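K.L.:
below is the sequence, then the predicted model.
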Amino acid sequence: MFVLLALTLATPAQPPVSLSTITGGMLVSLCSKSEGTQLDPCASYILGVADTLQIGRVTCRPQSDAATLQTLTVVRRYLHDHPELWDRHPAFLVRDALKGVFPCR
């Protein structure tokens, strides 16, 4: 499943394939009730997508507890700052939030 998601996230020219019933709005709702690195549904979803992006070399995050907190903070801030995107698939929201902050060189 993670490989299919990684391929889907890595090839935005093709129509997205959703394997999840989670919507962007649902992720926003989950994340509005969460903070820090507590492993709740919001953090679990973000870190799962972030790890998939890392495996596919879409993003290149350092391996540290600070990077984990930064990952969660960046995505939560992106969700908060972009309500016009809440109708998009949440995996793409996470990808878009992280690509600029953790680019691969």
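P.N.:
Now that the structure is in, tell me what you want to look at.
K.L.:
how about the helices in this protein?
P.N.:
Listed in chain order, the helices of the chain (DSSP state H) span 2-10, 24-32, 41-55, 65-81, 90-99.
K.L.:
how about the ones you listed in JSON lines, adding mean pLDDT, mean neighbour count and distance to Arg105?
P.N.:
From N, CA and C alone the C-beta is placed, and that goes for glycine too. Shown next, in JSON lines, are the helices of the chain (pLDDT from 0 to 100; neighbours: other CB atoms under 10 Å; distance: least, CB to CB, whole Å):
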{"stretch": "helix 2-10", "mean pLDDT": "53", "mean neighbour count": "16", "distance to Arg105": "17"}
{"stretch": "helix 24-32", "mean pLDDT": "91", "mean neighbour count": "18", "distance to Arg105": "29"}
{"stretch": "helix 41-55", "mean pLDDT": "94", "mean neighbour count": "20", "distance to Arg105": "14"}
{"stretch": "helix 65-81", "mean pLDDT": "93", "mean neighbour count": "16", "distance to Arg105": "16"}
{"stretch": "helix 90-99", "mean pLDDT": "95", "mean neighbour count": "22", "distance to Arg105": "13"}
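K.L.:
quick check, central residue of this structure?
P.N.:
Val94 (2.4 Å; CA atoms, centre = their mean).
K.L.:
surely it touches Val49?
P.N.:
Yes - counting by CB atoms under 8 Å, Val94 touches Val49, with 4.2 Å between them.
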